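# A structural model of the following input is requested.
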Amino acid sequence: MYRQALVSGALLAALAVILGAFGAHALKALVTPEKLLVFETGVRYHFYHSLALLATGSIYSHFPAKQLRLSTGLFITGIALFSGSLYAMVFVSINGGSLGPLGIITPIGGLFFIAAWIMLALGIAGAKK
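Coordinates of the predicted model:
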């Protein structure tokens, strides 16, 4: 088992639940339905990749490859960039603001997710066990 992936996955999943509940209850009254969908997308990807971290930590005990450790960092960075930028976009919009050119962070976060999944696959495929 890879403790960092497991602990990060569990804590990030808890945060996803907290943010999802916040979006469903408090945020609903503050933003448009379109912005709420953006927030929910952030929560959904946040949760998926928190679960991916838990899986990565568990898989590591069977396939202890450096790519799985790299995958962990990529998943965490992807959550921060992809979901974090969506959350920021919604929160900034409450006061009529915008992220402007910083909106490019969202697809960069998506690239980190893709890289994480590829590293996970490569680590499993190439592990000597």
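
# Centre of the chain to stretch 69-85, how far?
5 Å (C-alpha atoms, centre = their mean, to the nearest Å).

# can you point me to the longest helix in the protein?
The residue-count maximum for a helix in the chain (DSSP state H) belongs to helix 33-59.

# Now do residue 59 against residue 104, distance only.
Residue 59 sits at a distance of 32 Å from residue 104 (criterion: C-beta to C-beta, to the nearest Å). From N, CA and C alone the C-beta is placed, and that goes for glycine too.

# Have a look at the two and say which one is more surrounded.
Set side by side, residue 59 and residue 104 show more neighbours around residue 59, with 21 against 11, by other C-beta atoms under 10 Å.

# Now do the same contact list for the more buried one.
Neighbour list for residue 59: 68, 120, 123, 124 [criterion: C-beta atoms under 8 Å, 6 or more residues apart in numbering].

# Those in helices, which ones?
Per DSSP H, the contacts of residue 59 map to helices at 68, 120, 123, 124.

# Leaving out sequence neighbours, find the closest residue to the second one.
Nearest residue to residue 120 in three dimensions, chain neighbours excluded: residue 71, at 4.4 Å (C-beta to C-beta, 6 or more residues apart in numbering).

# what number of residues lie near residue 2?
Per other C-beta under 10 Å, the neighbour tally for residue 2 reads 20.

# just to revisit the earlier point, quick one: buried residues of the longest helix of the chain?
Going by neighbour count (16 or more other C-beta atoms under 10 Å), the buried part of helix 33-59 is 35-36, 38-40, 42-43, 45-47, 49-50, 52-57, 59.
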